[in-house]
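> Here is a sequence with its predicted model. Questions after.
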4 protein chains.
Amino acid sequence: MPTNSPLNRKLRMGLVGGGQGAFIGRVHATAAVLDNRAALVAGALSSDVARAKASAPDYDIPADRAYGSYAEMLAGESKRADKIDFVSVATPNHTHFEVAKAFAEAGFHVICDKPMTFNLEQAEELIKVVEKAGVVFAVTHNYTGYPLVRQAREMILSGELGEINAIRSSYIQGWLRTRIEGDNQKQAAWRTDPTKSGIAGCFGDIGTHAYNLGRYMTGLLPKEISAHLKAFVEGRALDDYGTAIIRYDNGAIGTVTASQISHGRENDVSIEIDGTKGSIQWRQEDPNTLTFRQNGQPHKTYTRNGGPYVGAHHASSVRLPGGHPEGFFEAFANVYCAAYDAMAKKAAGESIEMVNTVYPNVYDGVEGMLFITQSVASSKQNGAWLPFHHAKSRR
Amino acid sequence: MPTNSPLNRKLRMGLVGGGQGAFIGRVHATAAVLDNRAALVAGALSSDVARAKASAPDYDIPADRAYGSYAEMLAGESKRADKIDFVSVATPNHTHFEVAKAFAEAGFHVICDKPMTFNLEQAEELIKVVEKAGVVFAVTHNYTGYPLVRQAREMILSGELGEINAIRSSYIQGWLRTRIEGDNQKQAAWRTDPTKSGIAGCFGDIGTHAYNLGRYMTGLLPKEISAHLKAFVEGRALDDYGTAIIRYDNGAIGTVTASQISHGRENDVSIEIDGTKGSIQWRQEDPNTLTFRQNGQPHKTYTRNGGPYVGAHHASSVRLPGGHPEGFFEAFANVYCAAYDAMAKKAAGESIEMVNTVYPNVYDGVEGMLFITQSVASSKQNGAWLPFHHAKSRR
Amino acid sequence: MPTNSPLNRKLRMGLVGGGQGAFIGRVHATAAVLDNRAALVAGALSSDVARAKASAPDYDIPADRAYGSYAEMLAGESKRADKIDFVSVATPNHTHFEVAKAFAEAGFHVICDKPMTFNLEQAEELIKVVEKAGVVFAVTHNYTGYPLVRQAREMILSGELGEINAIRSSYIQGWLRTRIEGDNQKQAAWRTDPTKSGIAGCFGDIGTHAYNLGRYMTGLLPKEISAHLKAFVEGRALDDYGTAIIRYDNGAIGTVTASQISHGRENDVSIEIDGTKGSIQWRQEDPNTLTFRQNGQPHKTYTRNGGPYVGAHHASSVRLPGGHPEGFFEAFANVYCAAYDAMAKKAAGESIEMVNTVYPNVYDGVEGMLFITQSVASSKQNGAWLPFHHAKSRR
Amino acid sequence: MPTNSPLNRKLRMGLVGGGQGAFIGRVHATAAVLDNRAALVAGALSSDVARAKASAPDYDIPADRAYGSYAEMLAGESKRADKIDFVSVATPNHTHFEVAKAFAEAGFHVICDKPMTFNLEQAEELIKVVEKAGVVFAVTHNYTGYPLVRQAREMILSGELGEINAIRSSYIQGWLRTRIEGDNQKQAAWRTDPTKSGIAGCFGDIGTHAYNLGRYMTGLLPKEISAHLKAFVEGRALDDYGTAIIRYDNGAIGTVTASQISHGRENDVSIEIDGTKGSIQWRQEDPNTLTFRQNGQPHKTYTRNGGPYVGAHHASSVRLPGGHPEGFFEAFANVYCAAYDAMAKKAAGESIEMVNTVYPNVYDGVEGMLFITQSVASSKQNGAWLPFHHAKSRR
């Protein structure tokens, strides 16, 4: 169980988005309080005022803190002595920026869904806002929260795999195999709508996760990217399939493939990383194990909470004995918990790490937007190699 | 997301046990509120008064409802207008009975950890209490909460597997491979202590789960049992390994094996069931799939939330799209949710199913005690076949 | 590739059984020559003279060595200068004894299918014959030929798992789920016919394999056995399901389960062994890996030909680089090769190991018959514990 | 068991290559005779005359047919009444062409190891030779011989997956992780030597297999290719890692990744194919199953010889009941058997399919060379898209 905050009280959370009919808002609300380190106390749950208020009881948000808009919430909470400590942004992509910016500028910590913004410009702007405000800002690249993902990261950063040569990651789904966005399926509708999702479909929604996973685990800096995106389903406005190659600064090669049109495939995020001293393999659909291999040695399967070999960040990310499966909610909660740790440090007046954080941060968010931007651009230029690096990235 | 209760408010939960240093109390508290259908409002968290009170803030239990004993809680809550609706009993085995009995008699619903009681007599007594009180009584045979376990149950009860011939279940662990109970390991200490655990060690702690899983899935009635238990670790007072054969009423054969001494094995509960029309296979460590086989057909893998084929109880037990792993907490929460459904019906004045409930109930609890009692007795008689049936069992 | 024999020529093989319509004879013929260490030169392929002769060309057996009966073959070959070195007995169970005995007595080496004889008396008699003749006698408990099975054996015999406490093995099939023996299915017909198969069906056909696997890997001596056999399919004369418990000399507990009525299951032989220092797990349907576990350590997967860690008997049992699957034929061939090594030693005048051989031998064969005999007897006595040990067993 | 040839005798095989110290020659020899449809009767086993003759006894080749060179063998055999029917070419890559050409021109059937030739020009030349001679010419893209690969092919060609959109295949090894070619490791030495292997290392050796597998299964015609190859190991002359994107005629996207530098990975050839009606997944290291998925349906696992659902080419590629693993040798033998079927037809004066054969043929061989040639060229041009199609390809 993660240790409680030095605040000596639970953190107070505000939620933007998550009204009736939404999916990810409930995930945020569930994950945020899983470890009893925070309480959801305020919300602007919908852009529709009536629905916003009607949804509040589902979250036990009292009427006086059930706001009709994020702006109203910002104003209302700012005045309170028991104001929220942080806001979670779980709205459609195109509104992340304004919400996140407003709260960060006002000094609230922010947990923002991904993609962080609608476009790259907004993302760059957000860096400035966050740096100036000095708030904790996490982006829910939630797969980084899996204990074995953190184990892999710790092993790689400590050199156990040697120099990294290759990263192969993919995210394979099948749910958009047919044009269900035409059937009034809400999730499908906004994700395939450029005015809501941004310039990329599949690559923005899930390709970024596959890319981010490799970056998080290795800290390798990208240099350039070549991508090919495609919409296979007739009439679809955004890509539903894509593949990219990334050249890293150190000469490593990365490949990222994402699909929404692979029959029967669910949420198959997986990654393989090759280093000069060892290789690893991990897959979300079997998240509680990590395979580590070295030539001439038996393959080693690390399990969640499996023994004294677990790294520090792995160890702080588990709640149950090994063999009792933890899953998606727990990983999501682990992202929150890492952000809570930073919030607590902040509250205690300590300085906090900004770039190489355990949680995905604003720099990861901007790199995600850069990934999308350059992938789409490269694809339009028949896979031309485009620069892909950001001065402030995690490393 | 399970629908909310017709109560139109969250259920109020009291917790007995779960004080600092405990494990399962936290699991109950987390699972109970996962779906926001209940709130933990009162507790008697330890038999040590000071620790009971000191532990309350960890659960956000206000000081005035942090009781020094379960008796005090019962008295205190009974007087309140906003009294708790149910109590969760997460104390060591030897105290389950008195706590559960007291609350049930007073008309509170009860969620009781397993084994339900310290011995069979108490279990039988509890049936009478529960029947008289008419309260909802659930026993946390938590593996029954996995969506694919419920899928298997629905398939079998509806006849998709035909007549059931064989059940093979096992629960394999390794953590008690050495005599860690001598090393001040709290979990190991009480589980290997006959004064705390009862007459069985491994077979009571985990063998019952393996047995219960088959019963829950099939509804087959047991007839007689032959068992062999053994303590392999020197100096251990209770069994750490065992195997039993069960003859069912319809002629089916069941085998149950449980181990706490299998190196590196974590919480490997698994089951295979053979029917005249099909067979299934499920394993906790890969809980989000169920394999269904029929001669001459491709093997079929059902996934959690995988499509229109999911049964009603499976469907009401999921929170996330297929492929996003759910695990132990969610399964535990599903047991709670099924009990909540019954509590809500009760509150609405409707009659409720008592025996063949979706959640494991007091009759399952008593059958669990009978399993333990007759297994130990059979083992002492060199595996003699002993009667194993209970007039009121689930079927 | 196994080294060639010091004989400096290929061994000459005679085959009894294997005529048109047979299955296992072709397996013997294929496996025996896989590594080019033997050539099939003579045969008595059927008890039907015409079919015996007609089948010879399928095996490239020249007409003058295509005999009409095993007796004719024995007489014919005995007279030749280039006589066969060994005979493979691939006839139905009830004729193994007379054939094997006749050839062994005449000084030919014998590879005999299992179960070795029709009953225990024949098996005991065969020990005497073999000991007197001093020939190499192998019984095709072919699963012992898998490289990772040999790896497990080497690890256990060298003490890597410590003292062995438990063996759980099973062999699960589904092909006899319905009464196909009534449909003129030849394989099903003889295997369910007591006059051809002997006193046991499922337990004789496949239960013995599951039992033998544990014995081969551990060398533990059995002491007593309790078994429950059953025919689930209406009208079937022999058991199609069964489970047994074995107590070993050192206090270890073994469980053996075998089924022919599990829908969709193919040839799922699997085993788990627990020792005080480690545990292993292996499964025929994924034969090229072996899992080794120790508390607190990552689980280790050994692969076929996977590295310097492979034991000597594992190393001499592989033909291909790791990752290129080897399977059933190769394992079968490995049993032959181990027998060839012994034949070569014999030919070179060296003494050979008789009991703890790498190949399953006549003592394993007799123990298999004892297993069947006592299982059936115990089952008839409601699972009574019966003595189960043989003075000359492997250890 | 594949049926025997209408020739009414075994086919006579000659082997070029395979002398002492070789690997693949023994595989050819073993596979070719596995089903007793051919006999190895002549050989030119090494380019070193002494070694060629010394190696003959290992294969039971009589001294008078143990030739000192392939030319000598061609001359010698051509004169015989019982001349060989076909030759297997298992020499290093750079000599395939001259051997294959010479024998084909002389009217012998040819089984040629892959890559078929040293460069594209030779490959094109070979097409002409084969077409003119009208002989059966197979290239051992042996992975096409796995029964479940053939099952996938039959399902796709018959439309069960609908229109194909995406193919993802890879071949991941680790054995060349360090510069073992400097350590006198013969296999490593020639495979990393451009004068022996040709212009590609990893991509020629194993990338072609991964590519070919998708082509064989789908029959989709490639249009253009973009590739990136790299040597990660210092001082290595040829690529040891690479990835390519292929655009197919119908708009489908293919990705091929090959690695020789992934620690602990053995021979992990795998493929995923997405169609509008279904998707499949297969992996060599678990070759006896094939997964077929459709949205909303349970995932289906097809097993080798698993039931009436197996396709005709699958059915003719199996020897053992399902669950008894078949592996690499059997798949290799299946390529031979399909070629034997064609040879038999030829001998019977029937016309044979030349392009869309069950066995990989000379057109597949030339496409493999084109794949290598264009991959290397594209990689040198920073991944430029290059045309990739051949007028005579399989479709």
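Perfect, I can see it now.

> pull the helix or strand with minimum mean pLDDT from chain A.
helix A:186-191 (a mean of 86; mean pLDDT, DSSP states H and E).

> residues in contact with that one?
Contacts with helix A:186-191, where a contact means C-beta atoms under 8 Å, 6 or more residues apart in numbering or on different chains, come from A:21, A:23, A:92, A:175, A:176, A:180, A:181, A:196, A:197, A:201, A:205. For every residue, glycine as well, the C-beta is placed using N, CA and C.

> In it, which residues are buried?
A:187, A:188, A:191 (16 or more other C-beta atoms under 10 Å in any protein chain shown).

> In a strand, residue A:56, correct?
No - going by DSSP: H, G, I helix; E, B strand; the rest coil, the assignment for residue A:56 is helix, not a strand.

> List the contacts of the residue nearest the centre of chain A.
Nearest residue to the geometric centre of chain A (C-alpha atoms, centre = their mean): residue A:141, 1.3 Å. Residue A:141 makes contact with A:114, A:208, A:209, A:212, A:213, A:216, A:335, A:360, A:364, A:368, according to C-beta under 8 Å, 6+ apart.

> Need the buried residues of helix A:186-191 in TSV (columns: distance to residue B:323).
Listed next are those as TSV, based on distance: C-beta to C-beta, whole Å:
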residue	distance to residue B:323
A:187	14
A:188	16
A:191	16
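
> Give me the nearest residue to residue A:301, chain neighbours excluded.
residue C:299 (4.1 Å; C-beta to C-beta, 6 or more residues apart in numbering or on different chains).

> Equivalent analysis for residue A:290, please.
residue A:148 (4.0 Å).

> Toward the C-terminus from whichever strand or helix holds the one you found, list the very next helix or strand.
Assessed by DSSP states H and E, residue A:148 sits inside helix A:147-157. Going down the chain from helix A:147-157, the next helix or strand is strand A:164-172, by DSSP H and E.

> quick check, that following strand touching chain B?
No - figure legend: strand A:164-172 not in contact with chain B (C-beta under 8 Å from any C-beta of the partner chain); closest approach 9.3 Å.

> And the helices in chain A?
Here chain A has its helices, by DSSP state H, at A:24-33, A:49-55, A:70-79, A:96-105, A:120-133, A:147-157, A:186-191, A:194-197, A:202, A:208-218, A:312-315, A:328-347, A:362-380.

> With respect to burial, which of those helices scores highest?
helix A:202 (a mean of 28; mean count of other C-beta atoms under 10 Å in any protein chain shown).

> Relative to the whole chain's centre, how far out is the least confident helix or strand of chain A?
19 Å (C-alpha atoms, centre = their mean, to the nearest Å).

> rewinding a little: what residues does the residue nearest to residue A:301 make contact with?
Here residue C:299 is in contact with A:300, A:301, A:303, B:264, C:291, C:292, C:293 (C-beta under 8 Å, 6+ apart).

> pLDDT value on the spatially closest residue to residue A:296 that is not a sequence neighbour, please?
Leaving out its chain neighbours, the residue that sits closest to residue A:296 by C-beta to C-beta, 6+ apart is residue C:307, at 3.8 Å. On the pLDDT scale, residue C:307 is placed at 95.

> What are the structural domain limits within chain A?
A:11-143, A:146-317+A:362-387 (automatic domain parsing).

> can you list those domains in JSON lines and add distance to residue C:74?
JSON lines is the format used below for these (distance: least, C-beta to C-beta, whole Å):
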{"stretch": "domain A:11-143", "distance to residue C:74": "70"}
{"stretch": "domain A:146-317+A:362-387", "distance to residue C:74": "48"}
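
> which stretch among those comes nearest residue C:134?
Nearest to residue C:134 among those is domain A:146-317+A:362-387; the distance by C-beta to C-beta comes to 40.6 Å.

> got the CA positions of the least confident helix or strand of chain A in CSV?
Output in CSV follows, covering the C-alpha atoms of helix A:186-191 (Å, rounded to 0.1, in the frame of the first residue of the first chain):
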residue,chain,number,x,y,z
LYS,A,186,-20.3,7.7,-28.8
GLN,A,187,-16.8,6.4,-28.1
ALA,A,188,-16.3,5.7,-31.8
ALA,A,189,-17.8,8.9,-32.9
TRP,A,190,-15.5,11.3,-31.2
ARG,A,191,-12.4,9.3,-31.7
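
> looking at the helices of chain A, which one has the lowest mean pLDDT?
Looking at those, the bottom one is helix A:186-191 with a mean of 86.

> Would you mind listing what in chain A touches chain C?
For chain A, the residues in contact with chain C (C-beta under 8 Å from any C-beta) are A:292, A:295-303, A:306-309.

> between the residues you listed, which is nearest residue C:159?
Distance to residue C:159 across those (C-beta to C-beta) is lowest for residue A:298, with 17.8 Å.

> ok, the closest one - how many residues close by?
When neighbours are defined as other C-beta atoms under 10 Å in any protein chain shown, residue A:298 has 22 of them.

> Just give the nearest non-adjacent residue to it, would you?
residue C:300 is the one closest to residue A:298 (C-beta to C-beta, 6+ apart), at 3.8 Å.

> returning to that earlier point: just the buried ones among the residues of chain A next to chain C, please.
Of those, these count as buried by 16+ other C-beta under 10 Å: A:292, A:295, A:297, A:298, A:299, A:300, A:301, A:302, A:303, A:306.

> Take these and keep only those in strands.
A:292, A:299, A:300, A:301, A:302, A:303 (DSSP state E).

> Now the two most distant members of those.
A:299 and A:303 (13.3 Å).

> and the contacts of helix A:186-191, which two are the farthest apart?
A:21 and A:201 (20.9 Å).

> Tell me the confidence at the residue lying farthest from the centre of chain A?
Computed with C-alpha atoms, centre = their mean, the maximum C-alpha offset from the centroid of chain A is found at residue A:296, amounting to 36.3 Å. pLDDT recorded at residue A:296 is 97.
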